[in-house]
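>>> Attaching a predicted model along with its sequence, questions to come.
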Amino acid sequence: MTTWNIILLASIAVLALKAIGWLVPPKALDHPTVARISDLLTAALLAALICVQTLGAGQGLHVDARLPAVAIAAGLYALRVPFIVVVPAAAVVAALIRLIP
């Protein structure tokens, strides 16, 4: 199976999932429990993606300059600092940590 075959099969699968999603009645999605779970699931998936991208290195965990940079960014967001300031601040922290031998 070539790469293009895999891409085409994945595209068809995603399109089928999207079509199935349109078939779900709106009444089912308006239920408070379903709405709460979908909101929490979105946040949990985003948090998991951030953790994997920050700590993941192949099959193991790797703590490097990204972890303090993400911590600084989270702290600045908690203080409601604008995005345009948070990203350069986190980049500077990561760069300074990588300068230390």
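Yes, it's here. Note that this is a predicted model, so its numbers are computed, not measured. Numbering: from 1, shown residues only.
>>> What about D64, how many residues nearby?
13 (other C-beta atoms under 10 Å). To be clear about C-beta, it is placed using only N, CA and C from the backbone, and glycine gets the same treatment.
>>> How about the secondary structure of it?
What DSSP: H, G, I helix; E, B strand; the rest coil gives for D64 is coil.
>>> Got the phi and psi for it?
phi -140, psi -150 (degrees, to the nearest 10).
>>> Look at it and report its pLDDT.
Listed pLDDT for D64 reads 83.
>>> dump the residue contacts of it.
R98 (C-beta atoms under 8 Å, 6 or more residues apart in numbering).
>>> one more time with 6 Å, if that's ok
Under the criterion of C-beta atoms under 6 Å, 6 or more residues apart in numbering, D64 has no contact partners.
>>> how much space is there between A91 and G60?
In this view, A91 and G60 are 25 Å apart by C-beta to C-beta, to the nearest Å.
>>> same question, L46
From L46 to G60 the distance is 22 Å (C-beta to C-beta).
>>> Which one's more surrounded, those two?
Set L46 next to G60 and count neighbours by other C-beta under 10 Å: L46 wins out with 10 against 7.
>>> Show me what the helix or strand harbouring that one is packed against.
Under the criterion of DSSP states H and E, L46 resides in helix 32-55. Counting contacts by 3 or more C-beta pairs under 6 Å, 6 or more residues apart in numbering; DSSP states H and E, helix 32-55 is packed against helix 66-78.
>>> Kindly calculate the angle that the helix it packs on makes with helix 32-55.
In terms of direction (axes from the mean of the first three to the mean of the last three C-alpha atoms, to 10 degrees), helix 66-78 departs from helix 32-55 by 140 degrees.
>>> let's number from 54 now, not from 1
Noted, 54 is the first residue going forward, which turns the last one into helix 119-131.
>>> what helices or strands is the helix or strand following helix 119-131 leaning on?
Using DSSP H and E, the helix or strand that follows helix 119-131 towards the C-terminus is helix 136-152. Other helices and strands packing on helix 136-152, by 3+ C-beta pairs under 6 Å, 6+ apart, are helix 119-131.
>>> Please compute how far the helix it packs on lies from its chain's middle.
The gap between where helix 119-131 is centred and where its chain is centred comes out at 15 Å by C-alpha atoms, centre = their mean, to the nearest Å.
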